[in-house]
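Participant: The sequence isn't on hand, but the structure is:
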Ligand code: FES
């Protein structure tokens, strides 16, 4: 059997004492289908080939729900987080030799801005700006929610009520391939499909369909015609 560097994003009951007093039941991982990440050439994407500090997009767990795949160029360590409805969970950090590869839903936890083929208000930004005093954040220019991808997409600023949902990845240390297996944290998929039902229907396809067994990883600048910076 191949050795796998499998990250279990499970909430540890042993750490319950650190959970805020208002916490409800812990958020637990939600497992969907196993979806291998592939390049535009159809070959499996290797972790070593994930470019540093670039916005990569793939779709998971549904055909219409985008996610960021990021190589942060620095280790992303475990973080204890809480959803908007006060469910605690522990995100176990990044994958790969440097623990620098992370993945999150690209649907903003505030009012669901997301990268489309036409435009994206949300992306990872290394640089600081007048509206981005942190740098190295996922920044949504709609209302300036900022998330720290090195800490489970914890909210650093803005109106977002919870972190971006983490995408659970499996890294095969033998093949260096990456597979999405589930999510952890505050999913926004139901709200997303309600809000964008008409738009997604007009775009055709079957947006609520689950991702196929593979998902193509795109550079955001190739996937999206216009990126809003702020
Ligand atoms: S939709 Fe992202 S900050 Fe409002």
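Facilitator: Nice, thanks for sending it over. Just so we're clear, the structure is a prediction, and the values are computed from it rather than from any experiment.
Participant: model confidence over stretch 59-67, on average?
Facilitator: The average pLDDT within stretch 59-67 is 96.
Participant: oh, I was asking about stretch 222-230
Facilitator: Mean predicted lDDT for stretch 222-230 stands at 92.
Participant: ok, and for that stretch, which residues are buried?
Facilitator: 223, 224, 227 (16 or more other C-beta atoms under 10 Å). Yep, even glycine has a C-beta here, placed from its N, CA and C like the rest.
Participant: For the last one, give the beta-bridge partners.
Facilitator: Which is residue 227. Bridge pairing for residue 227 (DSSP bridges) gives the partners residue 120.
Participant: Can you tell me which of the buried residues of stretch 222-230 is closest to the ligand?
Facilitator: Closest to the ligand out of the buried residues of stretch 222-230 is residue 227 (14.3 Å), distances taken as C-beta to the nearest ligand atom.
Participant: How far off centre is the host helix or strand of residue 198?
Facilitator: Counting by DSSP states H and E, the element that carries residue 198 is helix 197-202. Here helix 197-202 is found 23 Å from its chain centre; the criterion is C-alpha atoms, centre = their mean, to the nearest Å.
Participant: tell me the mean pLDDT over it?
Facilitator: Taken as a whole, helix 197-202 has an average pLDDT of 91.
Participant: can you list contacts of it?
Facilitator: Helix 197-202 has contacts (C-beta atoms under 8 Å, 6 or more residues apart in numbering) with 64, 193, 207.
Participant: coming back round to it: now the buried residues of stretch 222-230 as JSON lines including distance to the ligand?
Facilitator: Shown next, in JSON lines, are the buried residues of stretch 222-230 (distance: C-beta to the nearest ligand atom, whole Å):
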{"residue": "223", "distance to the ligand": "18"}
{"residue": "224", "distance to the ligand": "16"}
{"residue": "227", "distance to the ligand": "14"}
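Participant: quick revisit: and of the contacts of helix 197-202, the nearest to the ligand?
Facilitator: residue 193 (16.2 Å).
Participant: And that closest one, how far from residue 200?
Facilitator: 7 Å (C-beta to C-beta, to the nearest Å).
Participant: again, but for residue 120
Facilitator: From residue 120 to residue 200 the distance is 16 Å (C-beta to C-beta).
Participant: swap in residue 159?
Facilitator: Distance from residue 159 to residue 200, by C-beta to C-beta: 24 Å.
Participant: Could you check which of these two has the larger neighbour count?
Facilitator: Counted by other C-beta atoms under 10 Å, residue 159 and residue 200 do not tie: residue 200 has more neighbours, with 19 against 14.
Participant: At which residues are the helices of the chain located?
Facilitator: Remark: helices assigned in the chain by DSSP state H are 189-195, 197-202, 220-223.
Participant: Tell me where this protein is predicted with low confidence.
Facilitator: By pLDDT under 70, the low-scoring segments of the chain are 1-24.
Participant: If anything else comes up later, I'll come back, but that's it for now.
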